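A.B. asks: fold the following, please.
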Amino acid sequence: MTGETFELINGYMLSQMEDAAHDREHIYRVLYNAMDIASYEKGVDFDVLIAACLLHDVGRREQFADPGVCHARVGAEKAYDFLKSHGFSEEFAAHVRDCVRTHRFRRAQPPESTEAKILFDADKLDAVGTMGIARTLNYKGRVGDPLYNMGPDGIPSDGVGDTVNSFFHEYKFKMERLYEGFYTKRGRELAATRKKAAEEFYFALLAECREPYLNGRPLLDKLLDGGETHG
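C.D. replies: Below you'll find the model as predicted:
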């Protein structure tokens, strides 16, 4: 891929980026992750891979406007239309489309080509570890989801069994499962190095969220009941 072609595709990507959790730096991290992973694979079409990495989130604007929209499906068609309108071959545009369409974590549509598997893994690397936590908290704040839900015992829930969105629900429902879904050996290796830090953060944050309810609330309840709260 020439520098001119890269800038053409990169420019289109930049025109579509609005979500702070899926901004251009996320795109570049995915691209650089993909280059790392691809260096361990054979027969990679780097032109397809680079284009797919740059374009994989161009459907985010539509999904953010309507959560019922799948950004991978919309983005795949937008990527295809853009590439075709700028003279890329049908084979190239269709291959990129397939990579973008299957990069999302959905078992019903697994990636098939080497390039699609690399994109999938490269994108998921940015969703694990402390980077994944930081991006999730950023996104949850933007859409207005709470950090935690309250359990039936009046203590912040750890997310297990929750039906209402929150950071802890997202962690238990999706984030801690991502480590098992990588397709490439290099992707699995990189993800494994990030797992422990994410687990430690989750448990530390959960403990800090629960601590005021466990320690301070009984004292308030005692005071309101007319009891003593100090010696």
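A.B. asks: now name the helix or strand holding residue 6.
C.D. replies: Using DSSP states H and E, residue 6 sits in helix 3-16.
A.B. asks: what does that helix rub up against?
C.D. replies: Applying C-beta atoms under 8 Å, 6 or more residues apart in numbering, the external contacts of helix 3-16 come out as 24, 27, 47, 50-51, 54-55, 57-58, 60-61, 78, 82-83, 86. Where C-beta positions appear, they are placed from N, C-alpha and C, glycine not excepted.
A.B. asks: what does stretch 102-111 give?
C.D. replies: Contacts for stretch 102-111 (C-beta under 8 Å, 6+ apart): 52, 56, 70-72, 99, 101, 112, 116-117, 119-120, 123-124, 127, 174, 178, 181, 183.
A.B. asks: switch to 6 Å and redo it
C.D. replies: If you take C-beta atoms under 6 Å, 6 or more residues apart in numbering as the criterion, stretch 102-111 is touched by 56, 72, 116, 117, 119, 120, 123.
A.B. asks: farthest pair in those residues?
C.D. replies: 72 and 117 (14.6 Å; C-beta to C-beta).
A.B. asks: tell me the domain boundaries of the chain?
C.D. replies: As assigned by automatic domain parsing, the chain contains the domains 1-114, 127-231.
A.B. asks: most packed of those domains?
C.D. replies: Each of the domains of the chain was scored by mean neighbour count; the highest is domain 1-114, a mean of 18, by mean count of other C-beta atoms under 10 Å.
A.B. asks: got the end-to-end distance for it?
C.D. replies: 18 Å (C-alpha to C-alpha, to the nearest Å).
A.B. asks: how far does the helix or strand of the chain with the lowest mean pLDDT sit from the chain's center?
C.D. replies: Ranked by mean pLDDT, DSSP states H and E, the helix or strand of the chain with the weakest confidence is helix 60-65, at a mean of 80. Distance, stretch centre to chain centre, for helix 60-65: 14 Å (C-alpha atoms, centre = their mean, to the nearest Å).
A.B. asks: could you do stretch 121-141 as well?
C.D. replies: 5 Å.
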